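Student: Got a predicted model here, sequence first, then my questions.
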Amino acid sequence: MSRFFRQLGDSDSDTEESDEELLISGDEDVGPSRQPPKPTNKPSGMSRFLRTAGSDSSSDSDASSDEDESSDDDVKHNKSDEDESEDDDIKRVVKSSKDKRLDEIEATGKIMDNALKINDWVVISAEFDKLLRLVQRQGHSAEPIPPFFIKTLLRLETSLYAAIAKEKEAKKKMNAMNARALNSMKQKIRKTSKEYEKEVQQYQNPVESTGTRSRKIKKPTASDSGEEDADADDRFTTIGKGGRAMQFTADAIFKTLKIVNEARGKKNTDRGEQIRILEKLLEVAVTSYQRIRVLLALVSSRFDYNSSVANYMPIELWLAAQLEVDQLISIVASDTSYVVEENTEDYDELLERSPTTEPDNIVRIRGSIISFVDRLDDEFTKSLQNIDPHGTEYIDRLKDEKVLYRTICRAQAYYERSKQPEALGRVVMRRLEHIYSKPDAVVNALESSLTASDILPSVTLASSSRTTGLIHSLCIYLYRVDNTLLRTRAVLSHIYHYALHNDFYTARDMLLMSHLQESIHSADVATQILYNRTVVQLGLCAFRCGLIKEAQVTLQDIFATQRVKELLAQGIHQQRYQTQLTPEQERAERSRQLPFHMHINTELLEAAFLVSSMLVEIPLMASIESEEQKRKMISKPFRRLLDFADRQVFTGPPESTRDHIMQASRALQDGEWEKCRDLIQGIKIWSLMPEVASVKEMLAKRIQEQGLRTYLFTYAAYYSTLSLSLLSRTFSLPLRTVTSMISKMIWNEELTASLDQSSGVVIFHRVEHSRSQQLSQLLSEKISTMVEQSEKALDTKLGGTSGWGDRGDTKGEKRGEQAQERRGNRTRGSLRGGIRGRGSRFAQGLGNQMADHSSQRAH
């Protein structure tokens, strides 16, 4: 006890003594009849013995006061005795082990609530593990799960998804430790929710589970009361806006439907209650018109349930909406007298309509099935964007694509029968987007889901017999549509499919004839992403077919931007290279990301590009003689990596894909083509490419050929003649192949030599240019480069007035192409190691426009 309270107790005892003396001196008879003072809770300086004896008599109280004065000093120095007296005064409460566990569970929950307020997920994760241990201990004791745990679990799940959504939109990210704890909590919550799924449902729906709970407790009165509550609920009537009662009968469907539609979108509207009302209306609907009207409102209400743009629609609601869209399509497809259209004449929505009351015996109902199909597809994509792609939940969600694909095909069949060309074009495009980038096995699995459908579109895999024929039929229909966007996306999807099936020349010719590279920069972002994916797939197709130069040229420009993932919509751009995005821009960019199963493997893409660059650059570097020509390069990214590898003092064994390719490039420069082949074939990423064995065999052959070219460029100055059979044995190539390659190099003026087939040797001619000749050659190359750049600028300026989607086949552009062809024929062999002829035009068409496109995206 503090000094203040001890002094206060002493003063109280002194005042009591003075009062007693006054009373005794005034009237001695009053003293014995005086009641003893009531004990107070305030701490005092009296000992325990004196406090208990103070209620016997007034004489005892006097004695106690005297004794208190005498022992006041002892109390001040004996605080331990005082503490013992206070502990004895506190009432001891004995709790059972069950109550102690419940108190501990509630205390843990309060700690988690406090941590939620400051967004401390490290503490939440630790306390949640502790909470799980306590609940498991509760289960081992054969005790029910406490409701507080289920309540905490639900609150944690809501806070978790809110924190994840907030983290995606936030500029400043949380620290790494907190982020790891947040991700671990996501897995823990998901696992725990599945484990206690039954208890969560009982907690959320207590009315439905009343009977089961009463059976567990074995109290018959509880079950009786549950039945009475259910009967009482049946006596209630649902009240709408303004206190009007809603009647769930066939006659009052349209009135109730009007009340629901009027309340839709308002601030205090209970969306869940609206869905339940519409489900009851669907149960009592009798005619087709009533069912169509209710289904249109019900599907719209399900889509309105989740108004947040960041979060995806709950899977249960999505599945329910998909079934209702299927039901709606079945009704309008089976009865052709009912048509759902976006633009109809005004009609009274409170009256029943039938084909007999309409002029042309067709009931036209205002609505849009294609908008429902679009929304279903968009919500499916959004859910795949937000689900962890490395978990089983992603696989389970991906299985719903078969159901969605069947709904899209049923909608296509309905629009073919009702002859609505605009909506039919949109639904065909949706169907095409689900199959154009998938292998044949997946397309066959999706098409197999149509066997259970009662209505089928005109074009199916069974009628086309091949996936290429199915894609071709769908694209041919979209080519005839008036919508420019659909035509462009159909062309790109068609090209992508051909490239996926290794038909390079068809895909290349379609891309060149479409002239999309001239106007794609003015298209929308989604179409630009599809264009980038198509070009990249075309480069991979060229690589698989062994067309190394075409593959290098096609992939060159997209790798030069150093933003491959962003251009392919497979990742957000790194902010250290550019200015920071606003939250709205970052949110829009995240919404454009492709689902994980549609990604093109960027590591495989980089391996194909670097190997192609190696096979093109190494012979070119060996053929360069002067220092000025050494500055010329075809692939800057590859040359930059090669220079960095050359500056390394110590080179260990290769670990990554880049290490393998850089060491293989060094071996090819030194003429060790076998070592180069082993390093390239040892890259593990090739296993992800279809037909791995043929690709590795093609790479070995190309390495042998480019090794021969590099050897001839490097050592031609040191030989006067060289045996063809020696070259054939050194590089393990047929003699005919060696002769053909050397003849081609002589014809292209890359090698100053001649063939002596009678003796089987190649004779090298030493032609040393004077200084003036070297300068003249350099000047001519610079002039030709300036002419090409001026013609490109002129073509861009003249073609800038044409809009997106126009072919732009003007006479000036044709003359420019003819001039390029004539110039290419005149200057044959002037650029050593360059790309000529048809491939040159292909490179100019793709590379320049992609560079312009990427620079515009950067700005």
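Tutor: Structure's in. What do you need?

Student: pull the CA atoms of the helix or strand encompassing Asn183 into CSV?
Tutor: Assigned by DSSP states H and E, Asn183 belongs to helix 176-195. Listed next in CSV are the C-alpha coordinates belonging to helix 176-195 (Å, rounded to 0.1, in the frame of the first residue of the first chain):
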residue,chain,number,x,y,z
ALA,A,176,8.5,-9.3,-47.6
MET,A,177,7.9,-11.0,-44.2
ASN,A,178,4.4,-9.7,-43.9
ALA,A,179,3.7,-10.6,-47.6
ARG,A,180,4.9,-14.2,-47.0
ALA,A,181,2.7,-14.4,-43.8
LEU,A,182,-0.2,-13.2,-45.9
ASN,A,183,0.3,-15.9,-48.5
SER,A,184,0.7,-18.6,-45.9
MET,A,185,-2.5,-17.4,-44.2
LYS,A,186,-4.3,-17.7,-47.5
GLN,A,187,-3.4,-21.4,-47.8
LYS,A,188,-4.2,-22.0,-44.1
ILE,A,189,-7.6,-20.4,-44.3
ARG,A,190,-8.4,-22.4,-47.5
LYS,A,191,-7.4,-25.6,-45.9
THR,A,192,-9.2,-24.9,-42.6
SER,A,193,-12.4,-23.8,-44.4
LYS,A,194,-12.5,-27.1,-46.2
GLU,A,195,-11.9,-29.0,-43.0
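
Student: Give me the buried positions along the helix or strand following it.
Tutor: The helix or strand immediately downstream of helix 176-195 is helix 197-204, counting by DSSP H and E. Across helix 197-204, burial judged by 16 or more other Cβ atoms under 10 Å covers 199-200, 202-203. The way it works is simple: take the backbone N, C-alpha and C, and place the C-beta from them, glycine included.

Student: tell me the mean pLDDT over the helix holding Asn183?
Tutor: The average pLDDT within helix 176-195 is 84.

Student: elements contacting that helix?
Tutor: helix 121-140, helix 147-169 (3 or more Cβ pairs under 8 Å, 6 or more residues apart in numbering; DSSP states H and E).

Student: Which residues belonging to it are considered buried?
Tutor: Using 16+ other Cβ under 10 Å as the test for burial, helix 176-195 gives 178, 181-182, 185-186, 188-189, 192.

Student: Let me have the helices and strands packed on helix 176-195 in a markdown table, adding distance to Ile292 as columns.
Tutor: Listed next are these as a markdown table, based on distance: least, Cβ to Cβ, whole Å:
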| stretch | distance to Ile292 |
| --- | --- |
| helix 121-140 | 48 |
| helix 147-169 | 35 |
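
Student: Looking at those, which is nearest to Ser776?
Tutor: helix 147-169 (61.1 Å; Cβ to Cβ).

Student: Give me the buried positions along the closest one.
Tutor: 149-150, 152-153, 156-157, 159-160, 163-164.

Student: now do stretch 775-786
Tutor: Glu781.

Student: same thing with stretch 456-471?
Tutor: 456-457, 459, 461, 464, 467-468, 470-471.

Student: What of stretch 439-453?
Tutor: Buried residues in stretch 439-453 (16+ other Cβ under 10 Å): 443, 446-447, 449-450, 453.

Student: do the same with stretch 651-666
Tutor: 654, 657-666.

Student: Same question for stretch 421-432.
Tutor: 423-432.

Student: Can I get it in CSV, CA atoms only?
Tutor: Taking C-alpha atoms only, stretch 421-432 is exported to CSV below (Å, rounded to 0.1, in the frame of the first residue of the first chain):
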residue,chain,number,x,y,z
PRO,A,421,-25.8,-11.7,-87.5
GLU,A,422,-24.3,-9.2,-85.1
ALA,A,423,-24.8,-11.4,-82.0
LEU,A,424,-23.8,-14.5,-84.0
GLY,A,425,-20.4,-12.9,-84.9
ARG,A,426,-19.7,-12.1,-81.3
VAL,A,427,-20.5,-15.6,-80.1
VAL,A,428,-18.5,-17.2,-82.9
MET,A,429,-15.5,-15.0,-81.8
ARG,A,430,-15.9,-16.2,-78.2
ARG,A,431,-15.9,-19.8,-79.4
LEU,A,432,-12.8,-19.2,-81.5
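
Student: wait, isn't Met598 in contact with Ser437?
Tutor: Yes. Met598 lies in contact with Ser437 (Cβ atoms under 8 Å); the separation is 6.3 Å.

Student: contacting residues around Met313?
Tutor: Contact analysis of Met313 by Cβ atoms under 8 Å, 6 or more residues apart in numbering lists 302-303, 305-306, 321, 379, 382-383.

Student: could you redo those residues as a markdown table and give each row distance to Ala753, secondary structure and pLDDT?
Tutor: As requested, those are exported to a markdown table (distance: Cβ to Cβ, whole Å; DSSP: H, G, I helix; E, B strand; the rest coil; pLDDT from 0 to 100):
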| residue | distance to Ala753 | secondary structure | pLDDT |
| --- | --- | --- | --- |
| Arg302 | 76 | helix | 89 |
| Phe303 | 73 | helix | 87 |
| Tyr305 | 77 | helix | 79 |
| Asn306 | 73 | coil | 73 |
| Ala321 | 73 | helix | 92 |
| Glu379 | 67 | helix | 91 |
| Lys382 | 63 | helix | 90 |
| Ser383 | 64 | helix | 91 |
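
Student: Next, please give the residue ranges for the strands of the stretch 701-850 of the chain.
Tutor: Assigned by DSSP state E, counting those that start in this stretch, the stretch 701-850 of the chain shows strands spanning 721-723, 753-756, 761-764.

Student: Could you single out the most deeply buried of these?
Tutor: strand 761-764 (a mean of 19; mean count of other Cβ atoms under 10 Å).

Student: For stretch 714-725, which residues meet the burial criterion?
Tutor: Neighbour count says stretch 714-725 has 714, 716, 722, 724 buried, by 16+ other Cβ under 10 Å.

Student: Out of these, name the ones that lie in helices.
Tutor: Judged by DSSP state H, helices contain the following of the buried residues of stretch 714-725: 714, 724.

Student: Could you dump the buried residues of stretch 714-725 into JSON lines and include distance to Ile253 and pLDDT?
Tutor: Output for those, formatted as JSON lines (distance: Cβ to Cβ, whole Å; pLDDT from 0 to 100):
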{"residue": "Thr714", "distance to Ile253": "87", "pLDDT": "84"}
{"residue": "Ala716", "distance to Ile253": "91", "pLDDT": "82"}
{"residue": "Leu722", "distance to Ile253": "94", "pLDDT": "86"}
{"residue": "Leu724", "distance to Ile253": "91", "pLDDT": "88"}
